[in-house]
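J.: My questions concern the predicted model and sequence given below.
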Amino acid sequence: MSDSLVLGLCRRITDRLSWELREWRLPSRPAFIQDELDEAILRRVHWIAGERVLDVGCADGRYMARLGEMGCRVVGVDVGAEMLQRAGKQGLKVLGGSAMALPFTDESFDTIFCHRTLYLLNRPAQAIDEFRRILRPGGRIVFSTSNASSPYARVQAGQLRENRYNNWRVGNRWSAVDWNKALQQSGFRVNAIYSCNLVWPIVFRVCDHWIVPNEWMRRYSRFVRRATGTPMRTGHPHGAAMDYVVEMVKE
């Protein structure tokens, strides 16, 4: 092997190691967990042009904008004034309000969308009553929630109980199974469940502190999905998944 080839190979190895070191010290964004969640929400769930969608916990309106591009008529509601301001600056229709007391009339929406918000609700049963009230007959709720029994979730819960992370707020400890059961008791049926992020048993982050870098976890998650051949759509919550996207229909 010539000196130039050896030098080039050494440079590539050095660059790669430098990149891995930077990734370890400052994990890249966005978080890998959004990859499969976005796949399920935006491509697996069927959205219909013209349907009336309420985004509960809309934050800065990212998903409102994406659903709007698909032709949905989307309204957002959130309790955060700063987030509502950011969403409003994009021309999105947003209102201040709580999931426990939604400022809408009965049967005024076809779909409720609730992404990474359910765990913040301190009165989940009351929120479910509100969801049912504002949905038309045959309407649906599409929500994401986490696997509370995963090693990651258990470590997170332990840290939060010790109040070490004041910027992480939790209103309830309901798991995907709890939400499914409560919604079924309220007159909803499961239409589809999507298992996302098969990262069991790795605890990759404790609240804001990354243990395993984001990009490394992105590779691991993709590898596990390919190696096991586990389909994203499933009939029940998958024990190895960290997150779920669930679609339930009001009967």
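T.: Thanks, I have the structure now.
J.: What are the phi and psi values at residue 192?
T.: Backbone torsions of residue 192, given as degrees, to the nearest 10, read phi -160, psi 150.
J.: which residues does it contact?
T.: Shown in contact with residue 192 (C-beta atoms under 8 Å, 6 or more residues apart in numbering): 44, 45, 233, 246, 247. Glycine gets a C-beta too; all of them are placed from N, C-alpha and C.
J.: I'd like to know which of those are buried.
T.: Among these, the ones that count as buried by 16 or more other C-beta atoms under 10 Å are 44, 45, 246, 247.
J.: Could you confirm the third one falls within a strand?
T.: The one in question is residue 246. Yes - under DSSP: H, G, I helix; E, B strand; the rest coil, residue 246 falls within a strand.
J.: what's it in contact with, if anything?
T.: Contacts of residue 246 (C-beta under 8 Å, 6+ apart): 142, 143, 144, 145, 176, 179, 180, 190, 192, 193, 194.
J.: Just the ones in strands from those, please.
T.: 142, 143, 144, 145, 190, 192, 193, 194 (DSSP state E).
J.: Please, which helix or strand holds residue 10?
T.: When elements are assigned from DSSP states H and E, residue 10 belongs to helix 3-25.
J.: Show me where this protein has its helices.
T.: With helices called from DSSP state H, the chain shows them at 3-25, 33-38, 62-69, 81-88, 124-134, 151-161, 176-185, 214-228.
J.: Residue 108 is nearest to which of these?
T.: helix 124-134 (5.4 Å; C-beta to C-beta).
J.: related to what we said a few turns ago, quick one: which of the helices of the chain is nearest residue 207?
T.: The closest of these to residue 207 is helix 151-161. By C-beta to C-beta, the value is 5.8 Å.
J.: can you list contacts of the closest one?
T.: 146-148, 165, 168, 170, 173, 199-207, 242.
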